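Asker: Could you look at this predicted model? Sequence included:
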Amino acid sequence: MASPRQRAARWRLVQYVVLVAVVLVIAFVADWGQIQRAFWNWELVKEQFPRVLTIALKNTIIYTACGFAFGLLLGLVLALMRLSSVGPYRWLATAIIELFRGLPALVVFIALSVGFTLAFPAYEIPFGNLGIVTLALGLVGGAYMAETIRAGIQAVPKGQMEAARSLGMSHSRAMISVVVPQAFRIILPPLTNELILLTKDSSLVYILGLSLSGYELTKFGREGMNSAANLTPIIVIALCYLLITVPLSIVVRRMESRAERAR
Amino acid sequence: MTTHPTSPTSPTDRSTAAIDVQELHKYFGDNEVLKGIDFHVGKAQVVCVIGPSGSGKSTLLRCVNLLEQPTSGKIFVEGEEITDPDADVDKLRARIGMVFQQFNLFPHMTVLRNLTIAQEKVKGRGKDEAVEVARANLAKVGLSEKESAYPAHLSGGQSQRAAIARALSMSPDMMLFDEPTSALDPELVGDVLAVMKDLATEGMTMMVVTHEMGFAREVGDKLVFMDGGVIVEAGDPRQVLADPQHERTQSFLSKVL
């Protein structure tokens, strides 16, 4: 009889063999020339630059950053309202959170662009499309982050608030100086997730009907794909998304380990 | 309740008491934790509160700076009624230092910042003055070289001394200690008790919930034994410890001494 360790080793060998087999089959079946023509046409790749960076990547970052900043602020306010001892604050925050967490981001975009214009023809959301993007991404992201922030605040040991209050700090001063900074350390990973999700949701801005200068990555890639009848532009913008999200993950991992050391 | 004639506080000096608790009741839901507490701490007195767990001694201490809201009864601190709904609780708390069993240092700040933040944000002291006060108090508890360390890098004993220094930096009129040595390794207890003893010698008014009978005997002016939410016995520590009058006190002391 084989020992458990031998059996585990044999089982792992089977896994590797299957994996290699799958890769080999794909490699032989695939028509590599066709794949390269459809997905990585060098001429088309060169055509994407520099505008894919100077317009599309830049806009994706701006939309996401504005939406995230507003969402973070909104999320913090909603979280504090959820934790308030004042009933109406709690109910209002719960209603807002449930509403914007439950709606697809696309619906929020439509409501804020088309819906707002129909409802208030005499008014405009300030800062034009950027204002709409900031509000829409902020509302959706803020609703999610509110629950994360609330969980973070509740994860800070009760003794921290008590110690701060016993030093004479008011409730809000203790929140600002003592509890919330510790809460943000705890929720750094889920907040990054939210930032990455918002980066991708920023593609929904296409619904606003932008001019070229307002294109973000997905819109830019789709336009390129349609005009060239080739998927290369999509591959290029896909790599651009990874260019944003992967370094973000690395930075946060660094921050986490630094926070870990300071604890 | 037994009051020994040698007790340094007599009922007559109640009007000038640092802490005066009258007919204090506290419920957690239906559970009555404090069943009519009546006692006081004189100025510059050290009062130690002992008793089995669940006796309400920590709750009593926490009521004195309103970390727990009393259900009924009155508490006066330096003559001011803190149970008055219109009392400025934040201002009063700034005058009452509190030391917790779990230290509760702020982990995201250096030791120095732990000591200065409330001075600046609550007392309105300037940065330089706050740092000066903080350094003086760190020196007092023997932690001068730790001012830029984070709490995670302190031992339990160092943490508790830093917490004491943090409370002292607010220049309080009195100090409350909630089992300050119960979370410490035995060999670290002495350092913390030494700091507390120095404080007592300097004339700080102190209310100490503790299991350290040696400290109570040596430093305390009054010993209060609580059980089941009432004060069973109070008096001079040496007499209460040597010759407890009440049967419940005798049974408790026989288990811990």
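Answerer: Nice, thanks for sending it over.
Asker: okay, CA-based contacts and neighbour counts for the rest of this
Answerer: OK.
Asker: so how far is stretch B:189-203 from its chain's centroid?
Answerer: Using CA atoms, centre = their mean, to the nearest Å, the distance from the centre of stretch B:189-203 to the centre of the chain it belongs to is 12 Å.
Asker: quick one: contacts of that stretch?
Answerer: In this structure, residues lying in contact with stretch B:189-203 by CA atoms under 8 Å, 6 or more residues apart in numbering or on different chains are B:44-46, B:140-141, B:157, B:160-161, B:180-181, B:206, B:215, B:219.
Asker: do that again at 7 Å, thanks
Answerer: Outside stretch B:189-203, the residues within contact range by CA atoms under 7 Å, 6 or more residues apart in numbering or on different chains are B:A44, B:V46, B:V141, B:G157, B:Q160, B:R161, B:T181, B:V219.
Asker: again with stretch B:145-162
Answerer: Contact with stretch B:145-162 is made by A:262-263, B:103, B:105, B:107, B:109-112, B:138, B:141, B:184, B:188-189, B:191-192, as judged by CA under 7 Å, 6+ apart.
Asker: end to end, how far does it reach?
Answerer: Stretch B:145-162 stretches 12 Å from its first residue to its last (CA to CA, to the nearest Å).
Asker: Just the buried positions in that stretch, please.
Answerer: B:K146, B:E147, B:Y150, B:P151, B:A152, B:G156, B:G157, B:Q158, B:S159, B:Q160, B:R161, B:A162 (16 or more other CA atoms under 10 Å in any protein chain shown).
Asker: With stretch A:63-77 instead?
Answerer: Buried residues in stretch A:63-77, defined by neighbour count with 16+ other CA under 10 Å: A:63-72, A:74-77.
Asker: Kindly report the same for stretch B:45-60.
Answerer: For stretch B:45-60, the buried set under the neighbour-count rule, 16+ other CA under 10 Å, comprises B:45-52, B:55-60.
Asker: hmm, who's touching that stretch?
Answerer: Here stretch B:45-60 makes contact (CA under 7 Å, 6+ apart) with B:33-34, B:41, B:68, B:178, B:200, B:205-211, B:216, B:220-229.
Asker: first vs last residue of that stretch, how far apart are they?
Answerer: Using CA to CA, the span of stretch B:45-60 from its first residue to its last is 17 Å.
Asker: and if you look at stretch A:23-41?
Answerer: Start to finish, the residues bounding stretch A:23-41 are 23 Å apart (CA to CA).
Asker: Also stretch B:236-245?
Answerer: Its first and final residues considered, stretch B:236-245 spans 12 Å by CA to CA.
Asker: Mean confidence (pLDDT) on that stretch, please.
Answerer: The predicted model assigns stretch B:236-245 a mean pLDDT of 92.
Asker: what secondary structure does the spatially most central residue of chain B sit in?
Answerer: Among the residues of chain B, B:L176 comes closest to the average C-alpha position under CA atoms, centre = their mean, at 1.9 Å. The assignment at B:L176 comes out as strand when based on DSSP: H, G, I helix; E, B strand; the rest coil.
Asker: Does it have any beta-bridge partners, and if so which?
Answerer: On the basis of DSSP bridges, B:L176 is bridged to B:M98, B:M207.
Asker: and the gap between whatever residue of the stretch 101-250 of chain A ends up closest to chain B and B:M207?
Answerer: In the stretch 101-250 of chain A, no residue comes nearer to chain B than A:G168, which is 4.2 Å away by CA to the nearest CA. When distance is defined by CA to CA, A:G168 is 18 Å away from B:M207.
Asker: Same check on A:N129?
Answerer: On the measure of CA to CA, A:N129 and B:M207 end up 63 Å apart.
Asker: higher neighbour count, these two?
Answerer: In this view A:N129 and B:M207 are compared by other CA atoms under 10 Å in any protein chain shown, and B:M207 has more residues nearby, 25 against 17.
Asker: mind checking the backbone torsions on the closest residue to A:I55 other than its chain neighbours?
Answerer: In this structure, A:I55 finds its nearest non-sequential neighbour in A:S213, 6.3 Å apart by CA to CA, 6 or more residues apart in numbering or on different chains. Recorded main-chain torsions at A:S213 are phi -70, psi -20, according to degrees, to the nearest 10.
Asker: Look at A:S213 and say how many residues are nearby.
Answerer: A total of 12 residues lie near A:S213 under the criterion other CA under 10 Å.
Asker: Up against chain B, what does the stretch 51-200 of chain A have?
Answerer: Within the stretch 51-200 of chain A, the residues that sit near chain B (CA under 7 Å from any CA of the partner chain) are A:G159, A:Q160, A:E162, A:A163, A:S166, A:L167, A:G168, A:M169, A:S170, A:V178, A:Q182.
Asker: quick one: what helix or strand has the fourth one in it?
Answerer: Right, A:A163. For A:A163, the enclosing helix or strand under DSSP states H and E is helix A:158-166.
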